[in-house]
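*Asks:* Got a predicted structure here, sequence first:
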Amino acid sequence: MLEKIKLILRFDDNILDGDIQETIDAAKADLKLCGIVESKIIDTDALILRAIKTYCKSEYSTNEKESIRYMDSYFMIRNHLSMSIDYNVEVVVVVL
């Protein structure tokens, strides 16, 4: 996921890799904190990826209004995910 985020942030060197990874981890932790099941927070899920990209864009934007707009967008995505049964319930299959 780090390379995907660096691409959308337009970073092509490795100087900020640690900081960017911490931001990705913070976004994932926030999703979990808001009720999204940890097993659903995967890099290949389009909505999870969109939420994390938007969170990171907010954190790294140099324009205050743009940063607020991205964070508001992240909140909307996060809130929709947290209310969806596809993301807030762990499915357990019991075989008898």
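*Replies:* Alright, I've got the coordinates.

*Asks:* Give me the pLDDT for Val93.
*Replies:* On pLDDT, Val93 comes in at 79.

*Asks:* what kind of secondary structure is it in?
*Replies:* coil (DSSP: H, G, I helix; E, B strand; the rest coil).

*Asks:* burial count for Lys4?
*Replies:* When neighbours are counted by other C-beta atoms under 10 Å, Lys4 registers 14. Bear in mind the C-beta positions are built from the backbone N, C-alpha and C, glycine included.

*Asks:* give me every residue that touches it.
*Replies:* By C-beta atoms under 8 Å, 6 or more residues apart in numbering, Lys4 lies in contact with Asp43, Leu49, Lys53.

*Asks:* distance of the last one from Val95?
*Replies:* So that's Lys53. Using C-beta to C-beta, to the nearest Å, Lys53 is found at 38 Å from Val95.

*Asks:* Tell me which of the two has more neighbours.
*Replies:* Lys53 (22 against 3).

*Asks:* residue boundaries of the helices in the protein?
*Replies:* With DSSP state H as the criterion, the chain has helices at 2-9, 17-33, 46-60, 64-83, 85-88.

*Asks:* In space, what's closest to the residue positioned nearest the centre of the chain - neighbours in sequence excluded?
*Replies:* Residue closest to the mean C-alpha point of the chain, counted by C-alpha atoms, centre = their mean, is Ile52 at 2.1 Å. Excluding its sequence neighbours, the residue lying closest to Ile52 (C-beta to C-beta, 6 or more residues apart in numbering) is Ala27, at 4.5 Å.

*Asks:* my read: the one you found touches Cys56, true?
*Replies:* Yes: using C-beta atoms under 8 Å, Ala27 is in contact with Cys56, at 6.7 Å.

*Asks:* picking that back up, out of the helices of the chain, deepest packed?
*Replies:* Most buried of these by mean neighbour count (mean count of other C-beta atoms under 10 Å) is helix 46-60; its value is a mean of 20.

*Asks:* The residue nearest to the centre of the chain touches Lys28, doesn't it?
*Replies:* Yes: assessed by C-beta under 8 Å, Ile52 is found in contact with Lys28 at 6.8 Å.
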